[in-house]
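Asks: give me a 3D structure for the following:
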Amino acid sequence: MKYIVFLFIIIYSEQCYSQKSTNKSIDGVWKITFIENKKVININDTKCIININDNSLAISIGCNNHMADFKIVKNKIQINNIYAPKKYCPDLSFLEKRLWDNLPIISDYKLEGKILSLFNLKGENAITLVR
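Replies: A predicted model of the protein is given here:
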C-alpha cells in the first residue's frame, strides 16, 4: 500500500510539473500574425504580452491596447474582463473588430515551437501569434 501511495504522488507531481511548464512556455511577448486566418500586414506594430504570474494579457494590433485577465485549466484558456478604449483606427477597423469579437470566445491554445494558436469555442483558429 505504501508503494501505491508513493507511485501516485510521483505520477501526480509529474503531471502538475508538466502542466505548469507548458503554461510558463506561453509567457512573454508575442507578435500577431493572423486573426481569423486573415494575415496581419504590419506584424511589427502588433504586440501580445502574456503574463502567467499575474494572469494578465495585453494585446494590440497597433491601435487600441486590449487588456484582459485569463486562467488556464487543463490546457484550456479562458479570457475574461476584456477592456479596450475603442479608439477608431480607419486602417485597422476590420482587424480591431475581429480581435475584440474573438477574445471572449477563446477556449483553447496550442503551442508549436514559436507559434501560439488560440482557438475559439468552435475549434477554429482565431488568433495566431509568433515569438
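Asks: show me what counts as buried in stretch 78-97.
Replies: Within stretch 78-97, the residues that count as buried by 16 or more other C-beta atoms under 10 Å are 79, 82, 84, 92, 95-96. (Each C-beta comes from the backbone N, C-alpha and C, glycine too.)
Asks: so where do the helices sit in this structure?
Replies: Ranges of helices within the chain are 2-25, 93-102, based on DSSP state H.
Asks: among those, which gets the worst mean confidence?
Replies: In terms of mean pLDDT, the lowest-scoring of the helices of the chain is helix 2-25 (a mean of 46).
Asks: mind checking pLDDT for the residue nearest the centre of the chain?
Replies: Closest residue to the average C-alpha location of the chain: residue 118 at 5.7 Å, with C-alpha atoms, centre = their mean. At residue 118, the model reports a pLDDT of 96.
Asks: that one: what's it in contact with?
Replies: 77, 102, 106, 108-109, 125-129 (C-beta atoms under 8 Å, 6 or more residues apart in numbering).
Asks: swap in residue 123?
Replies: residue 108.
Asks: so how far is residue 109 from it?
Replies: 12 Å (C-beta to C-beta, to the nearest Å).
Asks: straight-line length of stretch 85-104, end to end?
Replies: The straight-line separation of the ends of stretch 85-104 (C-alpha to C-alpha, to the nearest Å) is 16 Å.
Asks: so what touches that stretch?
Replies: Outside stretch 85-104, the residues that reach it (C-beta under 8 Å, 6+ apart) are 32, 35-36, 38, 40, 59, 61-66, 68, 79-80, 82, 84, 118, 120, 126-127.
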